[in-house]
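[1] structure of the sequence below:
(one chain, ligands or ions: 1)
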Amino acid sequence: MKLFYAPGSLSLLPHIVLREVGLPFTAIKINEHTKVIEGGGDYRKVNPLGYVPALVLDDGTLLTEGAAIVQYIADRVPSKNLAPPNGTIKRTRLQACLNFFLSEMHKGGFSL
Ligand SMILES: N[C@@H](CCC(=O)N[C@@H](CS)C(=O)NCC(=O)O)C(=O)O
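    Here you go, the predicted model:
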């Protein structure tokens, strides 16, 4: 897997979760402002929206949106108990927390 990240951004969240579960991945730094990938390349060809985080799976599947990415990672390694099972009230509450943080708080505060 490849995690596209920018220092000081919310890509830190999936970065922490990937380290916590211990799955192998490569962290690829991008310049958040120019959209240039460290070492060369146009990040918009990876994620046309230009946002981080983005996770590219080994089969080339692109995952975006921090809340979705961290749940995908948590579900890959259920033995770590990072997320309650899908379809439960506890999982829905986790989704509510993630969505609140990554929408209301992120756009309302951290982005200023
Ligand atoms: N809805 C996205 C938001 C991602 C986002 O806003 N990322 C910021 C960094 S914290 C970014 O890439 N900004 C670059 C830009 O606005 O061009 C998510 O939750 O993953």
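[2] got the residues of the chain near the ligand?
    For the chain, the residues found near the ligand under the criterion CB under 6 Å from any ligand atom are Ser9, Leu10, Glu32, Gly50, Tyr51, Val52, Pro53, Glu65, Gly66, Leu102. Backbone N, C-alpha and C define where each C-beta goes, glycine included.
[3] just the ones of those residues in helices?
    With DSSP state H as the criterion, helices contain Gly66 from among the residues of the chain next to the ligand.
[4] how many neighbours does Ala74 have?
    19 (other CB atoms under 10 Å).
[5] also the one 5 residues further on?
    The tally of other residues near Ser79 (other CB under 10 Å) stands at 6.
[6] now swap in Pro85 and tell me
    9.
[7] surely it is in contact with Arg91?
    Yes: if you go by CB atoms under 8 Å, Pro85 and Arg91 touch, sitting 6.2 Å apart.
[8] shared neighbours of the two, anything?
    Residues touching both Pro85 and Arg91 by CB atoms under 8 Å, 6 or more residues apart in numbering: none at all.
[9] what about the strands in this structure?
    With strands called from DSSP state E, the chain shows them at 2-5, 26-29, 54-56, 62-64.
[10] which of these sits most buried?
    strand 54-56 (a mean of 23; mean count of other CB atoms under 10 Å).
[11] quick check: end-to-end length of stretch 52-65?
    8 Å (CA to CA, to the nearest Å).
[12] contacts for that stretch next, please.
    1-6, 9-11, 13-15, 30, 32, 46-47, 49, 51, 66, 69, 72-73, 102.
[13] same question for stretch 11-26.
    1-5, 27, 52-53, 55, 66, 69-70, 73-74, 76-77, 80, 82.
[14] which one is Ala27 nearest to, not counting chain neighbours?
    Leu3 (5.1 Å; CB to CB, 6 or more residues apart in numbering).
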